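[1] sequence-free structure coming up:
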């Protein structure tokens, strides 16, 4: 693996972990079923293992999930009923854009991990996958702990 690829992974992996933590937070906020979380795990694995070839399927799954949330008018439990609907639309648009950026970053990271020499490639990919899935779980735990604590969740 070239030194430039290692240096780019030093900023990509923390950013990707933060993004997947955000995914975990939102999945928990929407009370996503276990099947959807399992599908998310498969999409993360697929995106990491295929590299750039995984951008379109992962992005399509993200767009379908966001469209389903909008079409079915699913709101997280903390969303106030009296808030104007345009803020929900802005939130969904931002969630879609950030999720698509995370999918592209996942593909870029997967492509760089594929450049690792053969004896260590699977180990790097597996360690990265486990770390990213732990970040996804960390986001869920953060939501369940009502983080950030400065938000008045009960009065929203």
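    That came in fine, so what should we check first? Quick caveat: nothing in here was measured; it's all calculated off a predicted structure.
[2] buried stuff in the strand or helix carrying residue 111?
    Taking DSSP states H and E as the definition, residue 111 sits inside helix 85-114. Neighbour-count burial for helix 85-114, counted by 16 or more other CB atoms under 10 Å, picks out 88, 95-96, 99-100, 102-113. For glycine as for every other residue, the C-beta is placed from the backbone atoms N, C-alpha and C.
[3] Then stretch 58-77?
    Under the neighbour-count criterion of 16+ other CB under 10 Å, stretch 58-77 has 58-59, 61-62, 65-66, 69, 75-76 buried.
[4] wait, which of those is closest to residue 48?
    Using CB to CB, residue 58 is the member of the buried residues of stretch 58-77 that sits closest to residue 48, with 9.9 Å.
[5] quick one: contacts of the helix or strand where that closest one lies?
    In the assignment (DSSP H and E), residue 58 maps to helix 55-71. Outside helix 55-71, the residues that touch it by CB atoms under 8 Å, 6 or more residues apart in numbering are 30, 36, 39, 43, 46-47, 74, 89, 92, 95-96, 99-100, 103-104, 106-107.
[6] one more time with 7 Å
    Outside helix 55-71, the residues that touch it by CB atoms under 7 Å, 6 or more residues apart in numbering are 43, 46-47, 92, 95-96, 99-100, 103-104, 106-107.
[7] Hey, what's the angle from the helix holding residue 111 to helix 55-71? Just curious.
    For helix 85-114 against helix 55-71, the angle by axes from the mean of the first three to the mean of the last three CA atoms, to 10 degrees is 160 degrees.
[8] so how far is helix 85-114 from its chain's centroid?
    How far helix 85-114 lies from its chain's middle: 7 Å, per CA atoms, centre = their mean, to the nearest Å.
[9] got it, and stretch 48-65?
    When distances are taken as CA atoms, centre = their mean, stretch 48-65 is centred 11 Å away from the chain's centroid.
[10] Could you do stretch 39-48 as well?
    10 Å.
[11] Then stretch 84-92?
    Counting by CA atoms, centre = their mean, stretch 84-92 is centred 20 Å from the centre of its parent chain.
[12] before we move on, what SS does residue 12 have?
    When classified by DSSP: H, G, I helix; E, B strand; the rest coil, residue 12 comes out as helix.
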